[in-house]
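**Q** sequence first, then the predicted structure:
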2 protein chains.
Amino acid sequence: MISDTDQEMEKRGLGAIVVAGDSTFGNPELYYVIGAGVPRGGVYLKMRKRDPVLVVSNIDAGSARKGQVKEIETYSEYEYEKDLQRYGRNRAQTILYDKILRRHKAKGKVGFYGKVEVSSFVSLIESLRRKGHRIIGEKRPTLLDALRETKDSMEIERISKVGVRTERVVERTLEILRDSSLEGSDVFYQDKPLTVGRVKTHIRRFLVDENLVNIEDTIFAAGPGSADPHYRGEESDQIRAGEPIVFDIFPQEAGGYCFDTTRTYVVGKPSQEVRSMYEAVLEAQSIALDNLREGANAKDVTGLVCDLFEKRGYKTPRDLAKGNEMARTTGFTHSLGHGVGLTIGERPNLSVLFDETLRDGHVTSVEPGLYRPGLGGVRIEDIVVIRKGGLQNLSRLEKTLEL
Amino acid sequence: MISDTDQEMEKRGLGAIVVAGDSTFGNPELYYVIGAGVPRGGVYLKMRKRDPVLVVSNIDAGSARKGQVKEIETYSEYEYEKDLQRYGRNRAQTILYDKILRRHKAKGKVGFYGKVEVSSFVSLIESLRRKGHRIIGEKRPTLLDALRETKDSMEIERISKVGVRTERVVERTLEILRDSSLEGSDVFYQDKPLTVGRVKTHIRRFLVDENLVNIEDTIFAAGPGSADPHYRGEESDQIRAGEPIVFDIFPQEAGGYCFDTTRTYVVGKPSQEVRSMYEAVLEAQSIALDNLREGANAKDVTGLVCDLFEKRGYKTPRDLAKGNEMARTTGFTHSLGHGVGLTIGERPNLSVLFDETLRDGHVTSVEPGLYRPGLGGVRIEDIVVIRKGGLQNLSRLEKTLEL
C-alpha cells in the first residue's frame, strides 16, 4: 500500500520515483499516487523519506488538490509554456522534467512509472540520462505494482462501495429475468422475445444510474456460448429456458476503483448436468473461501479446488499441464482468481501455475468455473480481502442457480 | 494514414516497427494498427515493405481477426505459456519478443510504440537490446503520431457516424431544455428545479442508447462557471434562465473513434453581452471555416480569428503572449482546435503559437470561444475534415443560442 513507499524505495535502492502521464484515465499508476482523477495528468515526484510533489497544468490544479498529494505545483512555475514556444514540445518536456528533478534535489537512482506512449518516453528518459539523471526501468513487479498489490482501508472501502452499486445493477437485471414468461424454451419479457441485447441495454442504464462504467462491456453469455469463459454474449443471442447464463460484470467508478462479480443463472429448470456443474463450482468456491488467508499459498488452495473437480470427473489445468489438450476448453479452464483494485487484472494471481503467498490486504476474485463445449458454462465469483486467519467477503449477492 | 507506413518507415530509417500493449483499450496506437478492439492486446510487428503480423493470446484470436491484419499468430505458437512457467513473466516476455523478431527476420532499427507501463517496458527494451535488437525511442511526432494524424476514408466514415450518434444525444438533451418552464430565473422540468445533475443523468442514458461512452464526463457548464472552459458542471448546479450553458460532449464508440461537439445555449432571454459574445464567436468560427484548407497555416487562420475578436474588444492569446495576464482568463483563452480520431487530443494543433500546415485528411475541431469571469462563456465547436480548397464539415447540428 502507498504507506510502504519509502520502504519499497529503500529495498530497491531508489533515491526518487517519478510517475507520469498525460491523464489519470487509463493510467492506474498515476491515479494511484495522486488518489484522484486529473484530466491532463501530470508529473508526480517523491524522494525517499520526503513528501511527494505533483506538477500539473494550471487548469488541473483544482482536480489535483482533491487527491492526497499536499504539495501541488504548476507547469507555469517551471516556465513550461515559454519553453514550449521557444524549443518545441520534445525539448520543453525534457527541460521541464530536468527542472523538476533539480529543484527538488532528486538524488540517486530514479524509478520512472506510469502508462504512457512508450516511444517518446524512452526518448525522454534517454535525454534525461544525458543530463545526468539516473533514470531506471524496473522488471515486474515494479515498485508501483508492489505498492498497489495490497490495499489500505480507504481503498477497500472504495472497492466495497463499488461492489454495493454493482450488486444493485445485478439485482435490477434479475428482476427482468424473473419478470419474464416462458413458452416452451422461449423466454418473453414485456411480450417480446428476450435477447441478450435487450438485457444489456438495461444493464447499461442501470450502470448509468449507479454512475459506473464498464468500458469493456459486461459478459452476459447465455446458452452454449457460455462454454467460452470470454464470450461476452452477442446482442442478437436469444435467452432460452433451461440454458445457463454466465453474468460477469466488472464496472469501475469514473477513473477509479473496480469491482467484479459473476453469478450463473438459469431461467426455468436447469438440466441435471448443469445442476451438477453448479453444485461442484459452489462447493469449490466454498473450499477456496475456507482456505484463503494470510500466509496461504494460492497455488495450494487452487490445488484443493482442482482436487474436488477431478474427483467429480472434471478436467483441470493440471490435466492441461500433463498435455491433455481437451482440458484447454473443457472443465476448469482458467485460474482461480486475480487481484482487483484500480484494474481487474493485477496481482495477486491465484492459479496452480505459480507460488503466491497471500498477504493481508490482498483483494482478489475467487472464481472457480466449469465449462463444457456445446452445453455452456458455470462460474461463481466473489471479491474478498485476505486477512490473518481468513478473509472478508465483499460480495453479498445471493448464490442461486434457478430464477 | 496507415497506408503511408512504409513511406514513414523509410523516412525514419526504420527496418521494423513493433506496437504493443496489454489491451487496445486506452491504447490508441495498438487499436490503430489492428483496426479492432483486442481485450488482452498483443504484439504487432511490421517490417518495411512486408505485411504486418499480429501475435495475440489464443482467446483473442477471434477479436484480432475482425481487424485489418491478415496474419494472426498466437502466443502458444511461441511456447509463451511454457516459458512463463519455466522462467517467470519478465524473462518469458523478453523471450517472446525476441522469438517474434527473429522468426520474422526483423532487421535494422526497430521503432517501438504503444501505451504501456513504462518502467517494465524500458526494462524489456533494454533486455532486447542486449540480445542484439536495435530498438529505438522516437521524439514526437513519432511514426505512429504521424500516421494517425491524417485519416483515411474508412476512419472519416467512422468518425462521422459517431458524430451522427453524438448529435442525436444533443438533440434529445435539447428537448429537455425546451420542455422546461420558467418562473422568473428558475427553470423547472417535470415540476422540479432543473439541475445539471438531472440533465447529465439523461445525457448518460442517451449515450447508452447510442452505445457511446464518455469516460471523462460531458461538459455541461451552466451560468458563471462556464467562464472556465474546463469546468464540467457540478451535479448540484442549478440551470437558470438567461445564463449561458456551454454543452461540450466528446464521446467514443467502444474502444474506437471519437467525436467532439460544443454548442452554447440560453434558456429564456440572453443578456446583450452574452448575445454579443455569441455573435462574435459564430462569426469567428465562420471565418475559420472559410479559411481552413489544405496548405493553409493554422497559425494564420487562428490569427484571423484573433483579429476579429480584438476588433470587437476581446482579449486573445496574442495579448497573453505580450504579457497581459488578464488574457489568461478573459476573452479567447484557448487554442482554435485539435485533432480528433482515436483520441480527442492529437495532431494537428490549431493555435497562434505554432506553425501548422494543414493537410488533406486532417480531422480537427474548430472551436473559438469567449469567456468572462463572473458572467460565463460561449463556445461553438464543429469537427471538420481538411480538403484541398476547403473543408468537409462533419457537424450538422444547428447553431442557435436561444431555446
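**A** Great, that's in hand.
**Q** and the residue of chain A most remote from its centre, what is it in contact with?
**A** Most distant residue from the mean C-alpha position of chain A: residue A:86, 42.1 Å away (C-alpha atoms, centre = their mean). Counting by C-beta atoms under 8 Å, 6 or more residues apart in numbering or on different chains, residue A:86 touches residue A:92. For the C-beta atoms, the positions are set from N, CA and C on the backbone; glycine is no exception.
**Q** and residue A:74, by the same measure?
**A** With C-beta under 8 Å, 6+ apart, residue A:74 has these contacts: A:55, A:56, A:57, A:58, A:61.
**Q** do you know the pLDDT at it?
**A** The score at residue A:74 is 97. That number is its pLDDT.
**Q** any idea how far it is from residue A:84?
**A** 14 Å (C-beta to C-beta, to the nearest Å).
**Q** next one: residue A:321
**A** Taken as C-beta to C-beta, the span from residue A:321 to residue A:84 is 55 Å.
**Q** what's the closest non-adjacent residue to residue A:276?
**A** residue A:312 (7.5 Å; C-beta to C-beta, 6 or more residues apart in numbering or on different chains).
**Q** number of residues surrounding the one you found?
**A** 15 (other C-beta atoms under 10 Å in any protein chain shown).
**Q** next, give phi and psi for it.
**A** Backbone torsions for residue A:312, taken as degrees, to the nearest 10, come to phi -90, psi 0.
**Q** which ones are touching residue A:220?
**A** A:196, A:199, A:200, A:203, A:232, A:233, A:245, A:246, A:247, A:248.
**Q** helices - which of those land there?
**A** Taking DSSP state H, the ones among the contacts of residue A:220 that sit in helices are A:196, A:199, A:200, A:203.
**Q** by contact count, what packs against the longest helix anywhere in chain A?
**A** When chain A is parsed with DSSP H, its longest helix is helix A:153-178. Under the contact criterion of 3 or more C-beta pairs under 8 Å, 6 or more residues apart in numbering or on different chains; DSSP states H and E, helix A:153-178 touches helix A:196-209, strand A:212-213, strand A:244-249, strand A:252-253, strand A:261-266, strand A:363-366, strand A:382-387.
**Q** buried set for the helix or strand just after the fifth one?
**A** Next in sequence after strand A:261-266, counting helices and strands by DSSP states H and E, comes helix A:272-291. Of all the residues in helix A:272-291, those buried under the rule 16 or more other C-beta atoms under 10 Å in any protein chain shown are A:274-278, A:280-282, A:284-289, A:291.
**Q** any idea how far residue A:81 is from residue A:87?
**A** In terms of C-beta to C-beta, residue A:81 sits 11 Å off from residue A:87.
**Q** quick one, which of these two is more surrounded?
**A** residue A:81 (16 against 13).
**Q** residue A:185 reaches residue A:240, doesn't it?
**A** Yes - assessed by C-beta atoms under 8 Å, residue A:185 is found in contact with residue A:240 at 4.7 Å.
**Q** between the two, who's got more neighbours?
**A** For residue A:185 and residue A:240, the more surrounded residue by other C-beta under 10 Å is residue A:240, and the numbers stand at 20 against 13.
**Q** ok so, going back, give me the element the residue farthest from the centre of chain A is part of.
**A** Here residue A:86 is assigned to helix A:80-103, by DSSP H and E.
**Q** distance from the least confident helix or strand in chain A by mean pLDDT to the middle of the chain?
**A** Ranked by mean pLDDT, DSSP states H and E, the weakest helix or strand in chain A is strand A:212-213, scoring a mean of 91. Relative to the centre of its chain, strand A:212-213 is centred 13 Å away, using C-alpha atoms, centre = their mean, to the nearest Å.
**Q** partners of it in the sheet?
**A** strand A:252-253 (antiparallel) (DSSP bridges).
**Q** contacting residues around the strand it pairs with?
**A** So strand A:252-253 is contacted by A:158, A:162, A:165, A:211, A:212, A:213, A:214, A:215, A:258 (C-beta under 8 Å, 6+ apart).
**Q** mind doing that once more with 6 Å?
**A** A:162, A:213, A:258 (C-beta atoms under 6 Å, 6 or more residues apart in numbering or on different chains).
**Q** next one: residue A:273 from residue A:241, what distance?
**A** Counting by C-beta to C-beta - residue A:273 and residue A:241 are separated by 16 Å.
**Q** swap that for residue A:216, sorry
**A** 29 Å.
**Q** same question, residue A:62
**A** For residue A:62 relative to residue A:241 (C-beta to C-beta), the value is 54 Å.
**Q** please apply the same query to residue A:332.
**A** For residue A:332, the distance to residue A:241 - C-beta to C-beta - is 26 Å.
**Q** which one of the two has more residues nearby?
**A** residue A:332 (29 against 16).
**Q** so what's the more buried one up against?
**A** A:309, A:316, A:370.
**Q** relative to chain B, how far out is residue A:326?
**A** 15 Å (C-beta to the nearest C-beta, to the nearest Å).
**Q** er, residue A:340 I mean
**A** On the measure of C-beta to the nearest C-beta, residue A:340 and chain B end up 16 Å apart.
**Q** can you give me every residue that contacts the residue of the stretch 251-400 of chain A found nearest chain B?
**A** Closest to chain B within the stretch 251-400 of chain A is residue A:353: 5.7 Å, counting by C-beta to the nearest C-beta. Contact analysis of residue A:353 by C-beta under 6 Å, 6+ apart lists residue B:85.
**Q** check the secondary structure at it for me.
**A** For residue A:353, the assignment made with DSSP: H, G, I helix; E, B strand; the rest coil gives coil.
**Q** next one: residue A:51
**A** coil.
**Q** quick one, what contacts the most centrally placed residue in chain A?
**A** Centroid-nearest residue in chain A: residue A:344, 1.2 Å away (criterion: C-alpha atoms, centre = their mean). Residue A:344 makes contacts with A:250, A:258, A:260, as judged by C-beta under 6 Å, 6+ apart.
**Q** out of these, which is nearest to residue A:7?
**A** Ranked by distance to residue A:7 (C-beta to C-beta), the contacts of residue A:344 are led by residue A:258 at 26.2 Å.
**Q** how near is that closest one to residue A:123?
**A** 32 Å.
**Q** try residue A:249
**A** 40 Å.
**Q** so the two - more neighbours on which side?
**A** residue A:249 (24 against 19).
**Q** now that one. Nearest residue, chain neighbours left out?
**A** residue A:218 (4.8 Å).
**Q** quick check, the one you found in contact with residue A:250.
**A** No - using C-beta atoms under 6 Å, residue A:218 is not in contact with residue A:250; the gap is 7.6 Å.
**Q** those two - which one has more neighbours?
**A** residue A:250 (25 against 22).
**Q** give me the pLDDT value at the more buried one.
**A** 97.
**Q** around chain B, pick out the residues from the stretch 251-400 of chain A.
**A** Residues of the stretch 251-400 of chain A lying near chain B by C-beta under 6 Å from any C-beta of the partner chain: residue A:353.
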